[in-house]
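S.K.: Just a sequence and a predicted model for now, questions to come.
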Amino acid sequence: MEIGSFIELQLPKGHEFYNQEVDIARLNTGRAVIWHAFRITGCKAIWIPYYQCDTVRETLLKHGVEVKFYHTDWDFNPIDLNSADDEAVLFVNYYGVMSHSRMENLANKSKNAIIDNCQGFFSVPVDGAMNIYSCRKFVGTPDGAYVIGKDAHLFTEEYPQCFSSDTAAFLLMRIEYGCEGKGYKARSINEHRIDTEPVMKMSKLTRIILDGTDCEHIKRCRRDNFAFAHDLLGNINKINPLKYYDEDAIPMVYPLVVEDKQLIHRLFQAKHFQGHWWGYICDEQPEDSFEYWISKYVIPITIDQRYGKEEIKYLSKVINYE
């Protein structure tokens, strides 16, 4: 016990969104929880979509997992998935706009479903499946991810404790310096730490931040901003982000698809720091595939709780040449 000396950063308590003590694993990264969830299933192989971050397959292969792939159609449905009973399947809640019932329907396609809610942090876990979540896409934390599902806590005592305060200064620098320059450099140091860490338990700093976070404010802002963005941009969007959306979905971004190669550069010049996701897919998939098309043209428009209608109007004017 330590008493006295300097006062540390203090935050409210009791607000951690996933606060149960059973059937949960609190780990350090999204890639760690995918591996852990697969480990819990006890399967010999896993199917993952081609449209997915390459760190997922790299992590699984690093752990000696047999990885198989499936394509998706233009409505994000699996089209060549043929999993056996002893194989797991990863289903992705893309952009966080997929409803609970949508993810339940996908989970029914496999006896060993893993629901990737890294882009849908507040999505209700699907019963009978392993559910994974990433904190950093929704809350300002240096690391953090969850696995929720039956026996998710197994093996966690084997993992070492993560310590993140040594590289967490970027969270403070963003406030004073912005996300370029010193702020970006500090964040890159934290990213390097995460990239090189093994599977570890969630850092104490991250859990304290999560415990002090106003989740209802985050959910309300993201839904309001998403709706406003769709009002302004839905008429030019080549995909329908409302297809699987419902009143419970809390999106990570507004997925805008416009076949304009210069748009991403205009947005960057306007200081909208979002890029195309998973550009490596365009090097690996045929040009007539859905995966190639969506990777080439989707732009994740920022709609998080830091912003409101003024910022989204600004982005809309940049996008529409106004």
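M.R.: That came through fine.

S.K.: what's the closest non-adjacent residue to Asp224?
M.R.: Sequence neighbours aside, Gly308 is the residue nearest to Asp224 in space, at 7.9 Å (criterion: C-beta to C-beta, 6 or more residues apart in numbering). For glycine as for every other residue, the C-beta is placed from the backbone atoms N, C-alpha and C.

S.K.: ok, now which ones touch the one you found?
M.R.: Cys221, Asp224, Asn225 (C-beta atoms under 8 Å, 6 or more residues apart in numbering).

S.K.: repeat that for 10 Å
M.R.: Cys221, Asp224, Asn225, Phe228 (C-beta atoms under 10 Å, 6 or more residues apart in numbering).

S.K.: And Val89, by the same measure?
M.R.: 41, 43, 45-49, 68, 70, 78, 81, 83, 106-107, 109-115, 129.

S.K.: and what of Tyr280?
M.R.: Cys53, Asp54, Ser295.

S.K.: again with Leu171
M.R.: Neighbour list for Leu171: Gly140, Thr141, Pro142, Ser164, Gly183, Ala186, Arg187, Asn190, Leu205, Ile209 [criterion: C-beta under 10 Å, 6+ apart].

S.K.: Filter the residues you listed down to just the buried residues.
M.R.: Buried subset of these (neighbour count, 16 or more other C-beta atoms under 10 Å): Gly140, Thr141, Pro142, Ser164, Gly183, Ala186, Arg187, Asn190, Leu205, Ile209.

S.K.: Mind checking which of those residues are in strands?
M.R.: The members of the buried ones among the contacts of Leu171 all map outside strands under DSSP state E.

S.K.: Now, of the contacts of Tyr280, which are buried?
M.R.: Members of those classed as buried by 16+ other C-beta under 10 Å are Cys53, Ser295.

S.K.: Just the closest of the contacts of Tyr280 to Asp214, please.
M.R.: Distances from Asp214 to those, taken as C-beta to C-beta, are shortest for Cys53 (28.3 Å).

S.K.: Identify the residue nearest that closest one in space, chain neighbours excluded?
M.R.: Trp278 (5.7 Å).

S.K.: ok so, going back, from the contacts of Gly308, which ones fall inside helices?
M.R.: Cys221, Asp224, Asn225, Phe228 (DSSP state H).

S.K.: Which one (most neighbours) among those?
M.R.: When neighbours are counted by other C-beta atoms under 10 Å, Asn225 leads those with 24 neighbours.

S.K.: Contact partners for it?
M.R.: 251, 253-254, 301-309, 311-312.

S.K.: returning to what we had before: please dump the ones in helices among the contacts of Gly308 into CSV; it should also carry distance to His15 and pLDDT for every row.
M.R.: Below are the ones in helices among the contacts of Gly308 laid out as CSV (distance: C-beta to C-beta, whole Å; pLDDT from 0 to 100):
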residue, distance to His15, pLDDT
Cys221, 16, 98
Asp224, 20, 98
Asn225, 21, 98
Phe228, 26, 98
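
S.K.: just to revisit the earlier point, relative to Pro198, which of the contacts of Gly308 is nearest.
M.R.: Cys221 (34.7 Å).

S.K.: Look up how far Pro142 lies from that closest one.
M.R.: 22 Å (C-beta to C-beta, to the nearest Å).
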